[in-house]
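Enquirer: predicted model follows, preceded by the sequence.
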Amino acid sequence: MSGPHPVAIVGAGLVGSGWALVFARAGYRVRAYDPSAEIRGRILTWAKQSLDDLVDAGLAEDPDAIVSRITVHDTLEEALADAFYIQESVFETVPAKTEVSLAIDALMAPGAVVGSSSSGIPASKFTEACVNRSRFLVAHPVNPPHLVPVVELVPAPWTAPEAMEMVADLMKAVGQVPVSLTREIDGFVLNRLQGVLLNEAWALYSDGIASLADIDATIAHGLGLRWSFMGPFETIDLNAPGGIEDYAARLRGLYAGMVRTPPPGPWSDAVIAKATAERRAAVPASGLADRRAWRDAILGRLASFKKSNRLAN
Ligand SMILES: NC(=O)c1ccc[n+]([C@@H]2O[C@H](COP(=O)([O-])OP(=O)(O)OC[C@H]3O[C@@H](n4cnc5c(N)ncnc54)[C@H](O)[C@@H]3O)[C@@H](O)[C@H]2O)c1
């Protein structure tokens, strides 16, 4: 599976280091580059710690072999040398993405493809001037990518279909779940769906319809249980005796009446302050890092459960 050519990681912060694990775990050699010496110094230690958790959850074997496939480099040129795929994960700003894309463009091996972890900036905003722009696209992960497999592939208008296919195949090969968009749209698919839910959650809370904890419980102990292994369309297909068409016949009137007009504006400062006070009472700021580790441990156990019950991709 590893093939002769390595994968390059450009920007090895929170997301880039997760990507390094994804590719190394699947057998690829990984060359990581970050301009920060502090970040470079942390990559391998972090990878070892995270791998111990993955091994405990039954999601990885032979951690020493996996870590040995990752090398850390202090120049972009060295990291890109003969890489066939480059995962860029630098800061989420147009100037940072433009600068690094042009630098990669000048050094990338012939035929190499570049996926940007961009959460929302479309590739057309930072790759237009690249000579190899047909081989740049967005490959947007969910954090942390080694525990949450979905990755959104979003082409710029000039991205070649072959580059999209190559990255989709690679993502499948390394155990991720690629979702391919046909064109650029604000928020891609994941954040558009999340945006609808968040806007409605803020509105329900702000109108005093339910407490913040009860709104969270509705997802954590209700909708979210199904959503960890099936999407909204399959959910409604199973929720009426005659399937999705039957569900639509019974309930489309209910949903039509729920659309908010006009569309929601930005979340208000006053409501954010109220929600912040409730959340910090539940988990103080000093406890957030532990709570994130708790989340990752549960995500690992959930991934392990899905794997052993053949619910993984
Ligand atoms: N954190 C998340 O939840 C999340 C989820 C999905 C996607 N993303 C996206 O991933 C990207 C990285 O986010 P992050 O959370 O890892 O941020 P981060 O701040 O942890 O990491 C960014 C890294 O990029 C490095 N960097 C800056 N300029 C660079 C350059 N010219 N060349 C190489 N490296 C450079 C920095 O030193 C830093 O280590 C962003 O586009 C972000 O939107 C983040």
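Expert: On my side now, so go ahead.

Enquirer: now whatever residue of the chain ends up closest to the ligand: closest residue in space that isn't a chain neighbour?
Expert: Closest to the ligand within the chain is residue 13: 2.0 Å, counting by C-beta to the nearest ligand atom. To be clear about C-beta, it is placed using only N, CA and C from the backbone, and glycine gets the same treatment. What sits nearest to residue 13 in space, not counting adjacent residues and going by C-beta to C-beta, 6 or more residues apart in numbering, is residue 39, at 6.1 Å.

Enquirer: just residue 183 next, same as before
Expert: residue 155 (6.9 Å).

Enquirer: re earlier: and the residue of the chain closest to the ligand, what pLDDT?
Expert: pLDDT recorded at residue 13 is 96.

Enquirer: how about the contacts made by it?
Expert: 34, 39, 89 (C-beta atoms under 8 Å, 6 or more residues apart in numbering).

Enquirer: now do residue 58
Expert: 304, 307-308.

Enquirer: any idea how far it lies from residue 64?
Expert: Here residue 58 is placed at a distance of 17 Å from residue 64 (C-beta to C-beta, to the nearest Å).

Enquirer: hang on, the residue nearest to residue 13 in a helix?
Expert: Yes: read with DSSP: H, G, I helix; E, B strand; the rest coil, residue 39 is one of the residues of a helix.

Enquirer: and stretch 153-166, does that touch the ligand?
Expert: No: for stretch 153-166, no contact with the ligand is found by C-beta under 6 Å from any ligand atom; the gap never falls below 12.2 Å.

Enquirer: any buried residues in that stretch, and which?
Expert: For stretch 153-166, the buried set under the neighbour-count rule, 16 or more other C-beta atoms under 10 Å, comprises 153-156, 159-160, 163-164, 166.

Enquirer: check what contacts stretch 74-86 and list those residues.
Expert: 3, 5-10, 31-33, 37, 40, 73, 103-104, 107-109, 111-115, 166-167, 170.

Enquirer: next, the distance between the ends of it.
Expert: Start-to-end span of stretch 74-86 (C-alpha to C-alpha, to the nearest Å) is 16 Å.

Enquirer: 47 is where my numbering starts, stick with that
Expert: Right, with 47 as the first residue, what we last looked at is stretch 120-132.

Enquirer: show me how far that stretch is from its chain's centre.
Expert: Remark: stretch 120-132 is offset 22 Å from the chain centroid, using C-alpha atoms, centre = their mean, to the nearest Å.

Enquirer: quick check: buried residues in that stretch?
Expert: For stretch 120-132, by 16+ other C-beta under 10 Å, it's 122, 125-127, 129-132.

Enquirer: can you pick out the most distant pair from those residues?
Expert: Of all pairs drawn from those, the widest gap by C-beta to C-beta lies between 122 and 130 and measures 16.1 Å.

Enquirer: helix or strand with the lowest mean pLDDT in this protein?
Expert: In the chain, the helix or strand scored least confidently by mean pLDDT, DSSP states H and E is helix 334-354, which has a mean of 88.

Enquirer: rewinding a little: restricted to helices, list the buried residues of stretch 120-132.
Expert: Using DSSP state H, 122, 125-126 are the members of the buried residues of stretch 120-132 that sit in helices.

Enquirer: mind putting those residues into a markdown table with distance to residue 249 and pLDDT?
Expert: Listed next are those as a markdown table, based on distance: C-beta to C-beta, whole Å; pLDDT from 0 to 100:
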| residue | distance to residue 249 | pLDDT |
| --- | --- | --- |
| 122 | 45 | 98 |
| 125 | 46 | 98 |
| 126 | 46 | 98 |
